[in-house]
Structures are given as structure tokens and as C-alpha cells.
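Trainee: I would like to see how this sequence folds:
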Amino acid sequence: MDLIESPEILLTPGVYDGYSARLVEKAGFRTAAISGAGLSESNLGWADMGIMGFEENLRACRAIAACTDLLLTADADTGYGNALNVHFVVRAFENAGLAGVMIEDQVWPKRCGHMAGKQVIGADEMVQKIKAAADARTDPHFAIKARTDATAIYGVDEAIRRLNLYAEAGADFLFADALLSAEDIEKVARGVTKPLTVNMGLGIRTRPTTPLLTPRQLQDMGVAGITYPRLLSTAAVRGMMNALAAFEESVENDETVDRPDLTVSFDELNDLMGLGRLKDLEERFVAPAGPPGVAPGGQSQAEESQ
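Mentor: Coordinates of the predicted model:
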């Protein structure tokens, strides 16, 4: 919470796997947000429309948390049920090594906040979910992030009202998804009682979406933090598309595939993925193999059995 409450706006990239988490940590960031959409798309191959369940989400988040020292916020969607379910969901994410969790007020099955057709539950029901989430944590530093998707349905004033109710119920910081103008962002930031974060994501050409603004602009509006949930996942997809296109061209031209401009080297990949640490552990703890039939310590297996 010290980071989100600091005078400088907090920049948080979205991650979705070991590659992205290690890259974000290597770049010097201290926090990252695990993208529920990124997990659904990369692990299941389906868009963010409630296809991914709690156990799949938890398993992926636990694996990411285990390979990095980043402070990670999990996307717990709607909490996968009522307030009782939320209690156990929050406890599970905390036990999995996460630093916080986001819970939203959409109706399940939820969908990406910039998709049409969203619905939200009653504010009173979401208040109980937030109370259950805050009560479930055993570490007082485990952060609860409350998200509302009410803007698209009921307008900005209702989003502010809901976020303040969620803050009173125990949320540590807040998020109003799919705000459509800079004026709306500033109105929400000035109107809520806890730190507000916003998402800066992809432009949607077919209909309005949240305008892309700079960190300085958003900080001047009163925003405490920015998440970039799809920066790395969409960059990865574009990179794979470019590599496949180059591969297809090389096959057509009967050429050897060697495009260092489109790929990292074997050594770079191993360095990023912690090979040096694994080798260090191996040298410290794994006994060297002896000749066949000789057990560690120099005795043959036959002598050792006598």
C-alpha cells in the first residue's frame, strides 16, 4: 500500500506467464498485475468471457508468483460466487504468494470491461463481498482492490457511489473500468475516498474506449496508479505473428531460418529464465555422478549392500 499511496504515480505492467513476469522484474518494476484476460487467452486460448475458472486462475497465479519477487495482484474476477466464496478465494490467493487481489462487481460469467453486454450485481451484494475479502486476509498488507463496471450501465456518478461504498467496506484501492473520457477519469479520481487506479490499454476502433493518457497527465488528475494489462500479451502475439510470417517466407524461398532481429538468442533466453540460479543450486546440492555401479562415497553398489 505504501507504493500506491506515494506521491508519484505507480506504473504497473500486466503479466500473464513466466516470460512476462521475469521481463517486468528485469526492467526494474516492483509491481505487476496478473491479467485475467492474459491468462485466459494464453492458457486456454479463449477470450475473456468467464471461461477460465477459479482453480485454473489460482494455479497460474501461484506459478507466476513462485518465479519472481514482484508484488503481484491477482485478478479474481467476481470472486467466483457469493461473499462466502470470496472469503476462501482471497485466502487461497494470499496463501499462493500474491500481494493483493482485485474483485469486480460484474455478474458472472463476467467479460472484459471493454466488451459490450456487461451487467453488474447490486452494490449491497458487492459490499458484502468486499467485507468478506478484507476479513479473509491474514496479512494486513495484503491489498484488496475493488473494481466497478457500473459506468457503462449507470454512468459515472453511480461508479463513484459504488467505489466509495466498497472503500468503506474495506477495499484498499479502487478501479473504475472503461471510463470514456479524461473528464470522467478526473471526476472519479477526485470523487473517491481511496486511491484510484486506471487501465491504459488498447484502442478500440469500432467504439469509444478509455483515452490513452500519459502518466503525468493522469497523476495531475489525481490518479494514484496505472495498469497496462495488455501491453506485453499483445506485443507477444505480434512478435509471434512476425516470426511465423518470416518462417513461412523462408520455407517458400527454401532458405535457412535465422532472424536474430525477431528472436532472442538461446543464451539470452536461458539467462532470463534463471539458468544461472539453477546451475548454482545444482553445484551446491547435487552430488556428482560416479562411474556406473558406484554409489556416492566411492563404494560399489554390491559392497554397499553387504
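Trainee: Just the pLDDT for the residue most central in space within the chain.
Mentor: Per CA atoms, centre = their mean, the C-alpha nearest to the average position across the chain is that of Ile34, at 0.8 Å. In the predicted model, Ile34 carries a pLDDT score of 98.
Trainee: wait, it sits on Ala63?
Mentor: No - using CB atoms under 8 Å, Ile34 and Ala63 do not qualify as a contacting pair, with a distance of 10.4 Å. Where you see a C-beta, it was placed from the backbone N, CA and C, and this is true even at glycine.
Trainee: how about whichever strand or helix holds Leu163: buried residues?
Mentor: Counting by DSSP states H and E, the secondary-structure element that holds Leu163 is helix 156-169. Residues of helix 156-169 classed as buried under the neighbour-count rule (16 or more other CB atoms under 10 Å) are 156, 159-167, 169.
Trainee: can you tell me how far the closest residue to Thr256 other than its chain neighbours sits from Asp258?
Mentor: Leaving out its chain neighbours, the residue that sits closest to Thr256 by CB to CB, 6 or more residues apart in numbering is Ser250, at 7.0 Å. Ser250 is 8 Å from Asp258, where distance means CB to CB, to the nearest Å.
Trainee: More neighbours: the two, which one.
Mentor: More neighbours sit around Ser250 than around the other of Ser250 and Asp258, counting by other CB atoms under 10 Å; the figures are 14 against 10.
Trainee: can you tell me the helix or strand for that one?
Mentor: Per DSSP H and E: helix 231-252 holds Ser250.
Trainee: Tell me the helix or strand right after that helix.
Mentor: Taking DSSP H and E as the definition, the helix or strand that follows helix 231-252 towards the C-terminus is helix 266-272.
Trainee: Which SSE is immediately downstream of that next one?
Mentor: Downstream of helix 266-272, the first helix or strand assigned by DSSP H and E is helix 275-285.
Trainee: Could you export that next one as PDB, CA atoms only?
Mentor: Output for helix 275-285, consisting of C-alpha atoms alone and laid out as PDB, is shown next (Å, rounded to 0.1, in the frame of the first residue of the first chain):
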ATOM      1  CA  LEU A 275      19.500 -20.900 -15.600                       C
ATOM      2  CA  GLY A 276      22.300 -19.300 -13.600                       C
ATOM      3  CA  ARG A 277      20.400 -19.800 -10.400                       C
ATOM      4  CA  LEU A 278      19.600 -23.400 -11.300                       C
ATOM      5  CA  LYS A 279      23.200 -24.200 -12.000                       C
ATOM      6  CA  ASP A 280      24.200 -22.600  -8.700                       C
ATOM      7  CA  LEU A 281      21.700 -24.800  -6.800                       C
ATOM      8  CA  GLU A 282      22.900 -27.900  -8.800                       C
ATOM      9  CA  GLU A 283      26.500 -27.300  -7.900                       C
ATOM     10  CA  ARG A 284      25.700 -26.700  -4.200                       C
ATOM     11  CA  PHE A 285      23.300 -29.700  -3.600                       C
END
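Trainee: what's the average pLDDT for it?
Mentor: Averaging pLDDT along helix 275-285 gives 94.
Trainee: any idea how far that helix is from the chain center?
Mentor: Centre-to-centre, helix 275-285 and its host chain are 29 Å apart (CA atoms, centre = their mean, to the nearest Å).
Trainee: now do stretch 264-274
Mentor: What separates the centre of stretch 264-274 from the centre of its chain is 23 Å, taken as CA atoms, centre = their mean.
Trainee: ok, back up a step: tell me which of the buried residues of helix 156-169 is nearest to Leu72?
Mentor: Taking CB to CB as the measure, Tyr166 is the one of the buried residues of helix 156-169 closest to Leu72, at 21.1 Å.
Trainee: Quick check: closest non-adjacent residue to the closest one.
Mentor: Using CB to CB, 6+ apart and skipping residues adjacent in sequence, the residue nearest Tyr166 is Ala146, 3.7 Å away.
Trainee: ok, now Ala60?
Mentor: In space, not counting the residues next to it along the chain, Ala60 is nearest to Leu39; the distance is 5.0 Å by CB to CB, 6+ apart.
Trainee: Kindly provide the distance from the one you found to Val120.
Mentor: Computed as CB to CB, the Leu39 to Val120 distance reads 22 Å.
Trainee: Same check on Asp105?
Mentor: If you go by CB to CB, the gap between Asp105 and Val120 works out to 5 Å.
Trainee: Can you give me the end-to-end span of stretch 211-225?
Mentor: Between the start and the finish of stretch 211-225 there is a gap of 15 Å, counting by CA to CA, to the nearest Å.
Trainee: and if you look at stretch 43-60?
Mentor: Stretch 43-60 has an end-to-end distance of 9 Å (criterion: CA to CA).
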